[in-house]
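what's the 3D shape of this:
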Amino acid sequence: MNDMGYGDYGDIINLPHPEPVGHPRMSMEKRAAQFSPFAALSGYEEAVLETERLTEERIVLDEAELEILDNRINEIMSMEEPPEVKITYFIPDERKVGGRYETVMDRISKIDRYKGKIVMENGTIIPVKEVVSIEY
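The predicted structure follows:
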C-alpha cells in the first residue's frame, strides 16, 4: 500500500479519464439504455395476469328449470307487446374454463328458436342455451 492508502492503484488513481480517440463519447441516455431491464421471458407477465384472472363456473340447469325457462320464452313469444325482461346468461371464457354471467334488462326484439338466439332491442344477442333466468 502506498502512503495515500490506494494500494496497487496509487499510480493511476488520480489520472484523468481517457477520452475516446476514434469516435464520439456515448450519450448518458444511450449508456443508461444498455443497463435497462429487458424481458428475458416475453409474455411471462401476461401469462401470470391471465392465471390470476378469475372465471365463474357454469350453472347447469335441471329439467324442471329448463322447462320453466321454455315456458317463459313461449309466454313472451305469444304476447302482442313483449314486456321488459331481465335475462341472466352465461358468457364462456375464450381462454380458460368457466366464464362470467351477464344480466341485461330490456325488451326482446326477436326470439329465433331456429338459430337459438334472443335478440334484445338494444342489440344484445343472447344464445338461448346460455340463459339461466328470465324475469318479467
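
The longest strand seen in the chain - contacts with which helices or strands?
The longest strand of the chain (DSSP state E) is strand 99-112. With contacts taken as 3 or more Cβ pairs under 8 Å, 6 or more residues apart in numbering; DSSP states H and E, strand 99-112 sits against helix 63-78, strand 84-92, strand 117-120. C-beta: built from backbone N, CA, C; applies to glycine.

Report the contact partners of residue 42.
Residues near residue 42 by Cβ atoms under 8 Å, 6 or more residues apart in numbering: none.

which phi and psi does it have?
Per-residue torsions, residue 42: phi -70, psi 140 (degrees, to the nearest 10).

Any stretches of the chain with poor pLDDT?
By pLDDT under 70, the low-scoring segments of the chain are 1-6, 36-40.

how many neighbours does residue 89 have?
20 (other Cβ atoms under 10 Å).

May I have the residues that are in contact with it?
If you count contacts by Cβ under 8 Å, 6+ apart, residue 89 has them with 101, 102, 103, 104, 126, 127, 130, 131, 132.

farthest-separated two in the residues you listed?
Pairwise distances across the contacts of residue 89 peak at 15.0 Å for 103 and 127 (criterion: Cβ to Cβ).

Neighbour count: those two, which is higher?
Of the pair residue 103 and residue 127, residue 127 is the one with more neighbours under other Cβ under 10 Å, namely 14 against 11.

tally of neighbours for residue 102?
Using other Cβ under 10 Å, residue 102 has 13 neighbouring residues.

That one pairs with what?
residue 89 (DSSP bridges).

Could you pull up the contacting residues of it?
Shown in contact with residue 102 (Cβ under 8 Å, 6+ apart): 88, 89, 91.

let's go with 10 Å and repeat that
Going by Cβ atoms under 10 Å, 6 or more residues apart in numbering, residue 102 touches 87, 88, 89, 90, 91, 124, 126, 130.

What of residue 126?
Contacts of residue 126 (Cβ under 10 Å, 6+ apart): 87-91, 102, 104, 108, 111, 116-120, 134.

What strand or helix carries it?
Using DSSP states H and E, residue 126 maps to strand 125-127.
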